[in-house]
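> The sequence and its predicted three-dimensional model are supplied below.
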Amino acid sequence: MRLREWATDLSIALESGACGQFVLYGNVHDRFAIGDRFVGIDRFIEDEMLGSTDVILSYDLGNGLTVDRGEKRLAQWAPPVMRALPQQPLEAVRFISRYMRYLGNLSAVGHRDIPRVAVIMRGIDQLLPAEGSGYEHGSLTYLVREWALGSPFTQLPFASLLIADNLTDVEPLIVFSPQVKLVRIPLPAVNELEAALHLLQQEHPETIPRTTDVPALAAAVSGVSVNTLQQITKLRAHNGRKLQSEDFAVLKKEMVERDAPGLIEFLESTRTLEDYHGQESLKSWLRQDIALWRLNDVRALPMGYLLCGPIGTGKTFLVECLAGEAGVPVLKLKNFRDKWIGSSEANLEKIFRLIRALGRCIVFIDEADQTLGRRESGAGDSGLSGRLYSMIAQEMSNTANRGKVMWVFASSRPDLIEADLKRPGRIDIKIPILPAATPAQAAALIVAIAGRFGLELTHQELEELRIPLPQLLTPGAAEALVVKAYRVARTENVSAAQAVARSLKGYQGAVPQDVLELQIRLAAREATDLAFVPEELQHFAGESGPEYGTRVPER
């Protein structure tokens, strides 16, 4: 199998001796289709990259220290210890360090037959957790860090490979050491899934028949691990069913919900852009983007959208319509911040890994000005907001995600979102979602919402009321008005028009007029194209008002 990019980089670094310590993280529990079998990552590394290594030691909390290769070479140093290798972490690490110092002494006196040694430590995030403290934690950190920095380790043919699920769960002194190379293990590429499917096809020919278009099936299941692919194949084989690409849409959703409880919510939508009232130029633009997405012509696709506008203008509703139109999963990020040190970063890293697993999807962040953090967060949160901001900014700017992950932000205060997050390459299209600009638009909005409630109402009946409609009416405010009218119609047995007339008497909007106008002004200024702003409201884009970044209290 042709080595993937991460494996090639790791192999070159090992063979050249350019780096002696590696932290492998991400999809570390998956397997690889090699020849006629599936192997785990540690076996893959031993067979494919450590073929010329004479002694390979491995350690994890469950099995203690074991010798995977070169037991006779190791026994030349201290035969008695081979009968009872250390089980405790600190003693195991000290054992390895003493052995390497012994080899260093041999090298110093001119001994030429120095074995090449590698150590694989699984579950390093459990051995050296980010929030660890105490004597043993400090001792382990010092010794493991010394393998990458100190003598004689750096002068010997010695490599240490530390394996973790999440990078943010590992002791920072290890992760951020300048001599450590970080290696992220991504989910399998399509060619790896294709190799895995060919192996599974041999094992379960009735579940994956010879007539199956394996390359097409591999492309359809992109985003799942080989472990997951093997699991569902066995389940289908047990039930006597063929493996279909449709099986994986539900599987991916279940996988994300299981692995990130409370962090991610799926937005289910049966709506399309036909259900969104008004702003035809915006709907036309979005439909063009979706058409390009379906054709896999991703060069002109934006990396993300910013939906900005006053409270109640239907930003979330538009996302639901966009989801139904595109026919892709829509994930809404929930509260991933945690009170424990490092947990927020670990939650966010887990979310990113699951987003990549879904393949094509929309990631929706509501109230983005509050959720995304800030570059300079001050001392109040120990720099947490700044770290979260940096992680999100880095993930959003990954051009490999163009056409796979579409970011959608919604905010009534776009000025409070860091400018770097709104720049092209992260958020390419900024769309103002604005209230009704004219009485005619307000009337059309009320009529459209009234129809959903079963109230028979026409434009002519509204005109005959001769009651001025609220200025700058938002869909949220219009729905509240219609709900009130529905109640009046049902309790007082009057027509829909009469109910609306009674509801309009003494009407006051939920959002004060000055706050509403401020949010319209901010949204109009943010617009990527003035064509997104109704002509009647374009004057807001040129009006003077609070400078960006000014925190104006919302009432």
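Perfect, I can see it now. A quick note: this is a predicted structure, and the numbers were derived from the prediction, not measured.

> Pull the number of nearby residues for residue 309.
When neighbours are counted by other CB atoms under 10 Å, residue 309 registers 25. C-beta: built from backbone N, CA, C; applies to glycine.

> quick one: contacts for it?
Taking CB atoms under 8 Å, 6 or more residues apart in numbering, we find residue 309 in contact with 315, 412, 432, 433, 434, 435, 519, 520, 523.

> Can you spell out which residues form a bridge with the third one?
When you say that, I think you mean residue 432. Going by DSSP bridges, residue 432 is paired in beta bridges with residue 308.

> Am I right that residue 143 is in contact with residue 95?
No - using CB atoms under 8 Å, residue 143 is not in contact with residue 95, being 10.5 Å away.

> What sits closest to residue 197 if chain neighbours are left out?
Counting by CB to CB, 6 or more residues apart in numbering, residue 197 lies nearest to residue 214, which is 5.0 Å off, once chain neighbours are set aside.

> Tell me where the stretch 301-450 of the chain has strands.
Along the stretch 301-450 of the chain, the segments classed as strands by DSSP state E, counting those that start in this stretch run 304-308, 330-333, 361-365, 405-411, 429-432.

> Spatially nearest residue to residue 242 (excluding sequence neighbours)?
Sequence neighbours aside, residue 207 is the residue nearest to residue 242 in space, at 6.0 Å (criterion: CB to CB, 6+ apart).

> gap between stretch 232-246 and the chain center?
Distance of stretch 232-246 from the chain centroid (CA atoms, centre = their mean, to the nearest Å) equals 28 Å.

> Run through the strands of the chain in chain order.
Along the chain, counting by DSSP state E, strands occupy 21-26, 31-34, 37-40, 55-60, 64-69, 117-122, 158-164, 180-185, 264-266, 304-308, 330-333, 361-365, 405-411, 429-432.

> what pairs with the fourth one, and is each one parallel or antiparallel?
Translated: strand 55-60. Strand 55-60 pairs in its sheet with strand 64-69 (antiparallel), strand 117-122 (parallel), by DSSP bridges.

> and these as JSON lines, adding mean pLDDT?
What follows is the strands paired with strand 55-60, written out as JSON lines (pLDDT from 0 to 100):
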{"stretch": "strand 64-69", "mean pLDDT": "94"}
{"stretch": "strand 117-122", "mean pLDDT": "96"}
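
> Out of these, the one nearest residue 75 is which?
strand 64-69 (9.0 Å; CB to CB).

> Can you report how many residues lie near residue 98?
By the criterion of other CB under 10 Å, residue 98 has 12 neighbours.

> just to revisit the earlier point, turn the strands paired with strand 55-60 into TSV, including mean neighbour count and distance to residue 407.
Converted to TSV, these look like this (neighbours: other CB atoms under 10 Å; distance: least, CB to CB, whole Å):
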stretch	mean neighbour count	distance to residue 407
strand 64-69	16	43
strand 117-122	24	34
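
> Put together CSV for those strands, with distance to residue 274 on each row.
As requested, these are exported to CSV (distance: least, CB to CB, whole Å):
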stretch, distance to residue 274
strand 64-69, 61
strand 117-122, 53
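
> With residue 334 as the reference, name the closest of the ones you listed.
Going by CB to CB, the one of these nearest residue 334 is strand 117-122, 31.1 Å.

> in stretch 176-192, what counts as buried?
Using 16 or more other CB atoms under 10 Å as the test for burial, stretch 176-192 gives 177, 180, 181, 183, 185, 187, 188, 192.

> ok, the last one to residue 154 distance?
Here the criterion is CB to CB, to the nearest Å. By it, residue 192 lies 34 Å from residue 154.

> I'd say residue 180 and residue 171 touch.
No - between residue 180 and residue 171 there is no contact under CB under 8 Å: 11.1 Å.
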